[in-house]
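Engineer: here is my input; please provide its structure:
(chains A, B, C and D)
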4 protein chains.
Amino acid sequence: MDYKKIITRVFNEVKAGENQGEVSGYIPELANMNPEMFGVYLTSLNHLEVGMGDCHEKFSIQSIAKVFSLTLAYRILGEKIWERLGVEPSGTAFNSLVQLETDKGIPRNPFINAGALVICDILISQLKNPKTEFLAFLRETTGNKELSYSEKIATAEKSVGYRNVALCNFIKSFGNIENNPEAVTDFYFHLCSIEMNCEELSKAFLFLANGGKTMHNNQPVVNTSQAKRINAIMQTCGFYDESGEFTFKVGLPGKSGIGGGIIAIHPGKYSIGVWSPRLNEKGNSHRGMKFLELLTTETKLSIF
Amino acid sequence: MDYKKIITRVFNEVKAGENQGEVSGYIPELANMNPEMFGVYLTSLNHLEVGMGDCHEKFSIQSIAKVFSLTLAYRILGEKIWERLGVEPSGTAFNSLVQLETDKGIPRNPFINAGALVICDILISQLKNPKTEFLAFLRETTGNKELSYSEKIATAEKSVGYRNVALCNFIKSFGNIENNPEAVTDFYFHLCSIEMNCEELSKAFLFLANGGKTMHNNQPVVNTSQAKRINAIMQTCGFYDESGEFTFKVGLPGKSGIGGGIIAIHPGKYSIGVWSPRLNEKGNSHRGMKFLELLTTETKLSIF
Amino acid sequence: MDYKKIITRVFNEVKAGENQGEVSGYIPELANMNPEMFGVYLTSLNHLEVGMGDCHEKFSIQSIAKVFSLTLAYRILGEKIWERLGVEPSGTAFNSLVQLETDKGIPRNPFINAGALVICDILISQLKNPKTEFLAFLRETTGNKELSYSEKIATAEKSVGYRNVALCNFIKSFGNIENNPEAVTDFYFHLCSIEMNCEELSKAFLFLANGGKTMHNNQPVVNTSQAKRINAIMQTCGFYDESGEFTFKVGLPGKSGIGGGIIAIHPGKYSIGVWSPRLNEKGNSHRGMKFLELLTTETKLSIF
Amino acid sequence: MDYKKIITRVFNEVKAGENQGEVSGYIPELANMNPEMFGVYLTSLNHLEVGMGDCHEKFSIQSIAKVFSLTLAYRILGEKIWERLGVEPSGTAFNSLVQLETDKGIPRNPFINAGALVICDILISQLKNPKTEFLAFLRETTGNKELSYSEKIATAEKSVGYRNVALCNFIKSFGNIENNPEAVTDFYFHLCSIEMNCEELSKAFLFLANGGKTMHNNQPVVNTSQAKRINAIMQTCGFYDESGEFTFKVGLPGKSGIGGGIIAIHPGKYSIGVWSPRLNEKGNSHRGMKFLELLTTETKLSIF
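Structural biologist: Modelled structure (predicted):
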């Protein structure tokens, strides 16, 4: 399989096509992104690396970071975390409160905001210095010592984050948040503020293609069963209310962020980071979705 | 991989464990099933066949038949069918009307009852003698000339099928049913009445592990892309409100029926039919779920 | 209080104003109504009668008939009817199925379609010839021997009544419909087909202003407590999702129909029928609402 | 009408009956109330006053205070307040977030928590010292200089008030809260902390029976139209998800609080305060509801 050739062709095809959708405008740091940015980076288990376009430009990975927070909580507590949240797709928007009312404060999965807040709460309860230790975990997993929070973005998130504050207090009212809602949302806003480029993203997630072990130092981040299960949750819940569509069209586990980033993983083969800021109406990168759909169509390789 | 050994061990382990849950009681034909029945049958692409327990006892495959009706409609009309229904998990019970009200009569996916009714409507519009032609398709695909509807079950379904009649008329009120609701529900009730045993089930679904082609005569039932996409929909929507859990624990595309049957597919490898009538609270076979979870754990093989 | 003078002035003011909204278009018999029709008729307990405009033109009273069916069922069974439906405003549209799913088939009140269907079912169980006996009750209560169903409208209702068929089968699936759904919806469609003019409407409802007794022959239709309670339900549930607004602006119990008719009752004083076909976005007569708001503002008389 | 005799008889009858339900336990100040407390106090426009039982014991009026905050906001801004909230019954529990999601942050009415928070926000925007000025308004309206907040209760409310904080931030996320959510909820928690006894309650609300004017100094609190409209909203929305039931059984506008208090108003006649801490499952005083139902049944006087 000549990935490089296929990626080049598909990248150019998508770049030549219309760049539809809108850049997220809820904070200036996202609104001001150049909507024409488009990068992809694939890293395979057999050491192939292919980067195209703006693959070395940093961007706010936003919700993609929820996979890392889940990973750390899962590593620390194991299956016990599922006492406090589920693994089912929500069937509603990423920030909906409706389902929580029905389900008495138990979020459907760790990738909707409600679930990510519960994961943050778990980490705060488990870690002495949650923000510092989480960053340390991220740097260790990725082998990238320069990853950091963007205080500017975290502050901007907080200034408009009323719905997340609402979600956190709502879950607290059901007893499923242990810590102070302000501490939980502060951690959450920092989580969302992490910046990476496509190459970093691709490499950071390679452990999920590799049975849970990092490639750079062959250390287990999580065990094989946990890695499979994280992939499974990405498959059913990684794209908000478009998870079914992504599974249908792309056929790989993945996770999107409102900054226009997407990570997709082919277990046993590769991980690929894609970035393009314009979002479709479901909040996922228009070009990112398009690129990945064509990629798995052309390679004829998906998990199905 | 010694599938036979692993299947034997797992089968015996599950059989030795507690047989929890309740047999579906809404029609006598289901209520009267022997709750201790338990069978599995695996057919692999490299001609391995392993059967255990009551794998040659016929049972009502119920909702599993929705995969066949989807397949036929997809084969006839291609991607056009998605104008009338989606591929997203519903986040609600299999027979919920709530989502339809929000989504103006467009069912979330072809495996909730609402979506299966729309697929029936499509087939009625496309076929001259829908019931006869559907059966012919099923026989051809499976290479099994004896498959048939159970008129007794279809009649029983109809006698208590008020919610399905409600669903069909509700969708019709939005304009997304073309034919007479009575004709649509009649076809639907017949669809649900089909009886198979685990071996038949396993063999009938082998085309989805085989890129869309039958094994017995190497004919394409659907094309490769369609086969992958049917698997993808099974992955996200095959187990009602427990689809995420099944993906998480088993890691294979599959579909369950209220008669206690489950089909699961490992693309490129095998298909496996499992049957045990006692259902968990989400309406899926207790032993079937358990068996498949242990199977993919022991074989360390899932799609993730 | 010079009702005649006030009614004349208010009628002319509303007639001079813009005639907003749309005539209901779901069946030709409604769609073809002259949108400029506008009539009012007040009958007071002290024998005042004031009619204006098109007050002698017949129109389809539609949902207003639900007050009569409730009255008859209440008279026959007393408080026992509340075992099968409630008296709470629904907070949703008149034909919503959502609430029924939550409340397990118990309609919120007798004026949403679901509740009216349950009332029809009750009457079918209680009466030998429901349609004939209901008409006899209506003629006796109103002293008007010419009231009748419009078979043309009933047939038209049936031809597009899929959502009502859905509602009826849905309730049946919860066990809260005793009879055949077809019989229940047939009765329901006939109920909706009754035609009256404003004068007839006003006189037919005078018993609710008169403690439950007819004016023409001083016979109790229901007892005083029941009459008060029917008024109370009209107050909280008579205008679908605009009941609060009507209570707020008009301050009288009342009931609207999609044909553009409204009945309002001032207990101890009068009943008034109003008709104008153009509906606001909540499905209530634009001019009817406006007229009644101005009437109670000018007379400074409401129940509050 | 010998109100005193009837009240005495009904009071004794209810007191002799079983005292069902549970005292609200969410803060110690409510949980520790004596569940056997039971008082009523009626004040009529023709200077009759009848008090029974524990009518001079202070209790936390809780949500009943929402009528006062609505009154003040309505007096200041007039009909303009309805741009930010509605007058429709909600059909859901008092603290539900579901409806807000559908209605984009516009609360259904001023008596559900969401609506009361919006009213608090309006008052904060309109007043220099909201808490002080609100108290001054309350003292002036009631002629009672001793009314005050209970800082103890306000603090307790705040310590468990996560759902109200959630509601406030949720509405803010839709842009329908102008001020800092912390300031809004602080005002709200103080509002809920006001303590009165039945006599004070009865006298404080007499202006709503008197066309908007106080009895003690004949000053307009609001104009007559506004007074009627406040009564109308109490009628349709005063008892959360039991408003229809209260209208049906009692037939008077009223408002309940989770402290077990109820105020009911017969426009043109009287206002009556009732208190008994045990609540039915809808959160309204069991004995209070019972007493008022019997009172209007025995007097044969309601607004219908």
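
Engineer: strands of chain A, start to end?
Structural biologist: Under the criterion DSSP state E, strands of chain A are mapped to A:22-23, A:39-44, A:49-53, A:59-60, A:195-196, A:254-256, A:261-266, A:270-275, A:278-279.

Engineer: compare those strands and report which one is nearest to chain B.
Structural biologist: strand A:261-266 (8.7 Å; CB to the nearest CB). Where C-beta positions appear, they are placed from N, C-alpha and C, glycine not excepted.

Engineer: pLDDT on the closest one, on average?
Structural biologist: If you average the pLDDT over strand A:261-266, you get 98.

Engineer: quick check: residues of the stretch 51-200 of chain A near chain D?
Structural biologist: Neighbours of chain D within the stretch 51-200 of chain A, by CB under 8 Å from any CB of the partner chain: A:96-98, A:101, A:162-163, A:165-170, A:172-173, A:181.

Engineer: report the two of those residues separated the most.
Structural biologist: A:V98 and A:P181 (19.7 Å; CB to CB).

Engineer: who's more crowded, those two?
Structural biologist: Using other CB atoms under 10 Å in any protein chain shown as the criterion, A:V98 and A:P181 rank with A:P181 on top: 24 against 19.

Engineer: without its sequence neighbours, what residue ends up closest to the more buried one?
Structural biologist: The shortest distance from A:P181 to any non-neighbouring residue, by CB to CB, 6 or more residues apart in numbering or on different chains, is to A:C168 (4.4 Å).

Engineer: from chain C, how far out is the residue sitting nearest the centre point of chain A?
Structural biologist: In chain A, the residue lying closest to the centroid (CA atoms, centre = their mean) is A:I64, at 1.6 Å. Using CB to the nearest CB, to the nearest Å, A:I64 is found at 35 Å from chain C.

Engineer: now swap in A:K152 and tell me
Structural biologist: With CB to the nearest CB as the criterion, A:K152 and chain C are 43 Å apart.

Engineer: for chain A, what lies in contact range of chain B?
Structural biologist: Within chain A, the positions near chain B by CB under 8 Å from any CB are A:86-92, A:99, A:108-109, A:224-225, A:227-229, A:231-233, A:235-237, A:241-245, A:247-249, A:251, A:253, A:267, A:297, A:300, A:302-304.

Engineer: rerun at 6 Å
Structural biologist: Within chain A, the positions near chain B by CB under 6 Å from any CB of the partner chain are A:87-91, A:228-229, A:231-232, A:235-236, A:244-245, A:247-248, A:251, A:267, A:302-304.

Engineer: how many other residues sit next to A:L135?
Structural biologist: 16.

Engineer: what distance do you get for it to A:L147?
Structural biologist: From A:L135 over to A:L147 the distance is 7 Å, taken as CB to CB, to the nearest Å.

Engineer: again, but for A:V184
Structural biologist: Going from A:V184 to A:L147 by CB to CB gives 22 Å.

Engineer: looking at those two, which is more packed in?
Structural biologist: A:V184 (29 against 19).

Engineer: ok, the more buried one - contacts?
Structural biologist: Contact partners of A:V184, counting by CB atoms under 6 Å, 6 or more residues apart in numbering or on different chains, are A:L117, A:C120, A:D121, A:C168, A:I177.

Engineer: A:L191 too?
Structural biologist: A:A65, A:S69.

Engineer: and it, what pLDDT?
Structural biologist: 96.

Engineer: same check on A:N34?
Structural biologist: For A:N34, the pLDDT comes out at 96.

Engineer: ok, the closest residue to it other than its chain neighbours - contacts?
Structural biologist: Closest residue to A:N34 apart from its sequence neighbours, by CB to CB, 6+ apart: A:P277 at 7.2 Å. Shown in contact with A:P277 (CB under 6 Å, 6+ apart): A:V23, A:M33, A:P35, A:M37, A:G260.

Engineer: which one of those residues is nearest chain C?
Structural biologist: Nearest to chain C among the contacts of A:P277, counting by CB to the nearest CB, is A:V23 at 34.0 Å.

Engineer: can you pull out the helices in the stretch 51-200 of chain A?
Structural biologist: A:65-77, A:98-102, A:113-126, A:130-142, A:151-160, A:162-173, A:181-191, A:198-204 (DSSP state H, counting those that start in this stretch).

Engineer: now these in a markdown table, with distance to B:N217?
Structural biologist: As requested, the helices of the stretch 51-200 of chain A are arranged in a markdown table below (distance: least, CB to CB, whole Å):
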| stretch | distance to B:N217 |
| --- | --- |
| helix A:65-77 | 44 |
| helix A:98-102 | 47 |
| helix A:113-126 | 47 |
| helix A:130-142 | 50 |
| helix A:151-160 | 59 |
| helix A:162-173 | 55 |
| helix A:181-191 | 54 |
| helix A:198-204 | 43 |
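
Engineer: by mean pLDDT, show me the worst of the ones you listed.
Structural biologist: helix A:98-102 (a mean of 83).

Engineer: the closest residue to chain D within the stretch 201-304 of chain A: how many residues sit nearby?
Structural biologist: Going by CB to the nearest CB, chain D is nearest to A:D241 of the stretch 201-304 of chain A, at 13.9 Å. A:D241 has 23 neighbours, counted by other CB under 10 Å.

Engineer: for A:A154, which of the strands of chain A is the nearest?
Structural biologist: Closest among the strands of chain A, using CB to CB: strand A:59-60, at 10.1 Å.

Engineer: give me the sheet partners of that closest one and which way each runs.
Structural biologist: strand A:195-196 (antiparallel) (DSSP bridges).

Engineer: tell me the domain ranges of chain A?
Structural biologist: A:3-62+A:196-299, A:63-191 (automatic domain parsing).

Engineer: closest one to D:G212 among the ones you listed?
Structural biologist: In terms of CB to CB, the element of those nearest to D:G212 is domain A:63-191, at 36.5 Å.

Engineer: what distance separates that closest one from the centre of its chain?
Structural biologist: 12 Å (CA atoms, centre = their mean, to the nearest Å).
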